[in-house]
Structure formats: C-alpha cells, structure tokens
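Student: what follows is a predicted protein model with its sequence.
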Amino acid sequence: MLSRVILFTSACLLGGAVVAATPQVHEYPLDNGMKLLVKVDRRAPVVVSQVWYKVGSSYELDGHTGISHVLEHMMFKGTQKHGMGEFSRIIAENGGRENAFTSRDYTAYFQSLENNRLPIAFELEADRMRNLKLDTTEFAKEVKVVMEERRLRTEDDAQALTYEQFNAVAYLNSPYRTPIIGWMNDLENLQAADLQQWYQQWYAPNNAVLVVAGDVDPQAVLKLARKHFGGLTTSKIEASKPRREIEQRGLRRLVVKAPAEVPYLMMGYKVPALITAKDDWEPYALEVLAGILDGGDSARFTRELVRGQQIATTAGAGYDLYDRQESLLMLDGSPAKGHDIAALETALRAQIALLRDQPVSVAELERVKAQVLADHVYQEDSVFYQAMRIGTLESVGLGWQRLDEYLPRVQAVTAEQVQKVARKYLLDDRLTIAVLEPQPMDAGAQARAAAAAQGVGHGH
C-alpha cells in the first residue's frame, strides 16, 4: 500500500469513491447562497453534520502558504459568544465528537452526535462562520503549534519530507506544489491580519456547503438551517485563477537526504482528474489501473514484487480522480534487503510497461471491479463517509449528482481503455522520480521519527 504520507485515493480503489443505488440526497439552497444537502440514513439514531468551505492550500498564494490550515486551528479558539475551548467542550458534554481537516481543495468541520442534538452543532458552527474571535495572542501561540506540527510530522518524518519535496518538483506552477501545512518561512512571517482577511474572504455562507447525514427529517433540517445559517451575511467570492500546470517536457529526478532507516522511492505520472479530463472515461480507467497494481493481496505489486520477486518490502499505487487540479498517478515503495532503489525502480517500471504492452485479462479486470463493490458496501456502513463523499464532490465543483455514476463507470471500464491510458499517460515525459537517501540517525533523530510515526502532538 502507499505510505501513510501519500494522501490519495487508496489503491484498493475507494478512498473517495461513490457508487450507484445511493439513497436520495435532498438539496436546499438558502437565500444567502449557502447550500444544504441532506442524506437520510435511519439505521441508527445518529447524525453527522459537516460544514465545507471551498478553500484549501491550492487557493493560497506564495508567501501565505499554510494560512488555511492555521485558520482551521484558530476556528476552535472561540467567538464573542463562546469562549476558547467551549465549542469542543459543549460537543463533548452532549456525547458527540468533533474535529476538522484542511486539504488542498477544501476545509471541513464536522460533528457526530445523537440526532436530537443537531441544533447544538448548527448553533455553534453558524456562530464561528462569521463571528470568530482572532485574538493576536492566541494566534501567536497557535502558529507556534502549527510550526511544531510541521517539524514533527514533516521535517522529522523522512518519507513525509520526501513527499513534500517531490510535489515541489513534480509541479512547477500548479498550487499543488505547496504543502498543506505551509512552508516554515511563511508560517514564521504569517500575521494575524493575514488570517483575518482570509477568514473574512472565504468563511461565508455563499462559499460553504452544509452536509447532514443520518437519522433526520430533511424538512426539519432545512428549518433548522434557515434559523441558524439563513441570516448570516455573505462575502464577495471571486473565482480563483485556474493556475493549470504547464506541460512537462521531460523526466524529472530529485534526491532527498534525511535521517532514515530505509531508502524510499516515489514515482508520479501527470494524469487528468475527473474535473480536468477531456475524455471523462479516462479517470475511471486510471482508477482501475491503480487497483490492478495495488488493490489488495492479489494485486500485481504485492503478488509480483513483494511476495514473488521479493524485491520490495512495500510497493503501492494511488490516484485521486476527485482532485480539483491535474493529478498524479503515484507509485512508491522501499526495496527489500539485498536490493537497492535502482532495482526497485526497474521493477516498478517493468510493471508499467506490462500495462502498456499487454491488455489486462478479463479475470483480473473482474477482480478489481469486485473489490470496488465490496469496498462500497463496507464504506456505506459509515454515515460519516456518506457525508464525506457528498462534501468532496460539491467542494471541488463536480456536484453531488455524480454520486451515482462511480460504480457503473468503473464497471464499464474495458481492458482496452486501461491499456490506452497507460500508453497515453504513463510515459517518462510525464514522470517525476524522488529518492530518499537515508542518512545516519542519532538517538535524537530516532526519537523524533518514532514520535512522528505515532502522531504525537496532533491536534485539530
């Protein structure tokens, strides 16, 4: 499997997948431009409430990287009405859990509660949507928290550091080249006034999607949403510049030297996402292709490279067709004892060459499609991930209406289409390769790496 630092759709095909036979989603536009989407699931008396803002690190400009993530942290610091820490305390006292996450393309805040506690989540989220108190002292403290998070989770994690530098080389002008957590120099120079401007610009009802899933009545949710969010003022939201990645004109390589125990290889081919593809079948063929390489124990990487040739201890592939910008089909791995990075690269390239040269067998294609269906059944058990799929599609501009097309489109992929996308996109002129070259680890480096692996210091 892809290493944990690779934030793509899992190679078993359904990191963000959405499929057919989805129960109806109820859509309600509020007068101030906010969109409410409700999906009913009555299997348990619970509800998930999520607010998605259409802003993330890919909206940031040079010099202000990390600002979306810092703002996510500050959203828990209180308003005029609710003091610092009250949001989390109130949710916990009502038996719920809450958190948030920042991605390249969106920032989302969520609560999971007993269904009769939904008004509490709405009241708190509506309050901080327009009334956040950005105290300069708290801001200074929280920026230091984020900087420490960056040190722990990126700079002291060799694979994460390699991934960060890989993106900075793979993309030249796409905003995907910058890390979600931000560059350290930008964090050091971020000002409270920058955050205030970012908040006022993007955190508004006309740039937000409210997703509710669970045991609820849609009309009652609409009434509640109008009560709490309907009166919020809007912001002037101007369309972002496209910032499309320029054409790559040759293979790119980089070496990252960092304290580590084992070498690590990353390979990424430029490929379209669903929103950028000229032929909309191609992303689904790429999704199937990733599953052929790394879709469980019977997939090619595990079968051929880990168990068969025993050339790799790990080998993975991943792709996210729901990216907002041009994406990458990623390969990664570490060589087994007695083999080096060059041998692993050769082995991975050989697997790609097979996809270009030979059509996938009917049996293998059916195995991947069966895995898609199995994963869907598993994921549909989670009300949270039902809401996640809706919010993701809305936030990147595809629309929740595409929920139902995933499974039939994947099932329609042919061996010929898999071979076509392999031949069209999996070429050296579209490829970037990063190698982590391990450096000696002293006791301090080992302790920091262990802490990073355990996620020590992670907060909102």
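Tutor: Received it, and whenever you're ready, just let me know what you need.
Student: how about the contacts made by the residue of the chain most remote from its centre?
Tutor: For the chain, the largest distance from the centre (Cα atoms, centre = their mean) belongs to residue 338, which lies 34.7 Å off. By Cβ atoms under 8 Å, 6 or more residues apart in numbering, no residues touch residue 338. Glycine gets a C-beta too; all of them are placed from N, C-alpha and C.
Student: helix, strand, or coil at it?
Tutor: Under the three-state scheme (DSSP: H, G, I helix; E, B strand; the rest coil), the conformation of residue 338 reads as coil.
Student: phi, psi of it?
Tutor: Dihedral angles phi and psi of residue 338 (degrees, to the nearest 10) take the values phi 90, psi 0.
Student: for residue 312, see how far away it is.
Tutor: Remark: distance between residue 338 and residue 312 (Cβ to Cβ, to the nearest Å) = 11 Å.
Student: same question, residue 355
Tutor: Applying Cβ to Cβ to residue 355 and residue 312 gives a distance of 17 Å.
Student: and if you look at residue 137?
Tutor: If you measure residue 137 against residue 312 using Cβ to Cβ, the figure is 50 Å.
Student: any low-confidence regions in the stretch 101-250 of the chain?
Tutor: Under the criterion pLDDT under 70, no range of the stretch 101-250 of the chain is flagged.
Student: let's see 90
Tutor: Applying pLDDT under 90 to the stretch 101-250 of the chain picks out residues 239-240.
Student: residue 385 touches residue 376, doesn't it?
Tutor: No - under the criterion of Cβ atoms under 8 Å, residue 385 makes no contact with residue 376, lying 10.4 Å away.
Student: compare these two (neighbour count), which wins?
Tutor: residue 376 (20 against 17; other Cβ atoms under 10 Å).
Student: still on that earlier bit, the more surrounded of residue 355 and residue 312?
Tutor: residue 312 (24 against 19).
Student: the more buried one: what's it in contact with?
Tutor: Per Cβ under 8 Å, 6+ apart, neighbours of residue 312: 301, 305, 306, 333, 334, 335, 336, 339, 344, 347.
Student: distance of it relative to residue 305?
Tutor: Residue 312 is 5 Å from residue 305, by Cβ to Cβ.
Student: do the same with residue 42
Tutor: 45 Å.
Student: so what's the residue count around the closest residue to residue 386 other than its chain neighbours?
Tutor: Closest residue in space to residue 386, ignoring its immediate chain neighbours: residue 213 at 4.9 Å, by Cβ to Cβ, 6 or more residues apart in numbering. Residue 213: 28 surrounding residues under other Cβ under 10 Å.
Student: surely residue 213 meets residue 47?
Tutor: Yes - using Cβ under 8 Å, residue 213 is in contact with residue 47, at 7.2 Å.
Student: now the common contact residues for those two.
Tutor: Joint contacts of residue 213 and residue 47 (Cβ under 8 Å, 6+ apart) are residue 383.
Student: and the helices in the stretch 51-200 of the chain?
Tutor: 67-74, 86-93, 118-130, 136-150, 158-170, 184-188, 192-202 (DSSP state H, counting those that start in this stretch).
Student: and of the ones you listed, who's closest to residue 258?
Tutor: Nearest to residue 258, of all the helices of the stretch 51-200 of the chain, is helix 158-170, at 4.3 Å by Cβ to Cβ.
Student: now the closest one: how far from the chain's centre is it?
Tutor: 16 Å (Cα atoms, centre = their mean, to the nearest Å).
Student: one more: stretch 112-120?
Tutor: With Cα atoms, centre = their mean, you get 26 Å for stretch 112-120.
Student: kindly report the same for stretch 319-338.
Tutor: With Cα atoms, centre = their mean, you get 13 Å for stretch 319-338.
Student: ok, stretch 55-67 next?
Tutor: Worked out by Cα atoms, centre = their mean, stretch 55-67 lies 15 Å from the chain centre.
Student: do the same with stretch 108-126
Tutor: 23 Å.
Student: which positions in that stretch come out as buried?
Tutor: 108-115, 117-118, 120-126 (16 or more other Cβ atoms under 10 Å).
Student: what do you get for stretch 151-167?
Tutor: Buried residues in stretch 151-167 (16+ other Cβ under 10 Å): 152-167.
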